[in-house]
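Peer 1: Need the 3D shape of this:
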Amino acid sequence: MTFRTPFAALALAMVATGALADGITTADSASGPILVDEHGMSLYIFDKDTAGVSTCYDGCAANWPPVLETDGDEMGEGDFALVERTDGAMQWTYKGMPLYTW
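Peer 2: Below you'll find the predicted structure:
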């Protein structure tokens, strides 16, 4: 399983995108700007996912928890959206790709 940080073209996305999704911000890294959660932890995408579809469940989700909507979260503009997981939870996506922590 390969997870990676979605930083390609993120600098441009930050300029083109209005507010980020609640709790998701950017931080600098050695590779450039990255997405982080409200605790400053890096966010990742899973190479086996496809746009709008998470394939990370059970043991995978235990190791790489999905970034889930919490009550009161507000959608940002642009590249952030929510996708429904098979358990009914709503997961944040960036450019269609589900987001995870570690």
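Peer 1: and F3, bridged to which residues?
Peer 2: Beta-bridge partners recorded for F3 (DSSP bridges): F46.
Peer 1: Hmm, it is touching P98, no?
Peer 2: No. Applying CB atoms under 8 Å as the test, F3 and P98 come out as separate, 10.8 Å apart. Glycine gets a C-beta too; all of them are placed from N, C-alpha and C.
Peer 1: List the residues that are in contact with both of those two.
Peer 2: Common contacts of F3 and P98 (CB atoms under 8 Å, 6 or more residues apart in numbering): I45, F46.
Peer 1: Looking at the two, which one has more neighbours?
Peer 2: P98 (24 against 18; other CB atoms under 10 Å).
Peer 1: list the contacts for the more buried one?
Peer 2: By CB under 8 Å, 6+ apart, the residues touching P98 are I45, F46, D49, G52, V53, S54, C56, P66, V67, V83, Q91, W92.
Peer 1: So it versus V67, what's the distance?
Peer 2: From P98 across to V67, the span is 8 Å (CB to CB, to the nearest Å).
Peer 1: okay, and the common contacts of these two?
Peer 2: Taking CB under 8 Å, 6+ apart as the contact rule, P98 and V67 both touch Q91, W92.
Peer 1: And the helices in this structure?
Peer 2: 10-16, 59-63 (DSSP state H).
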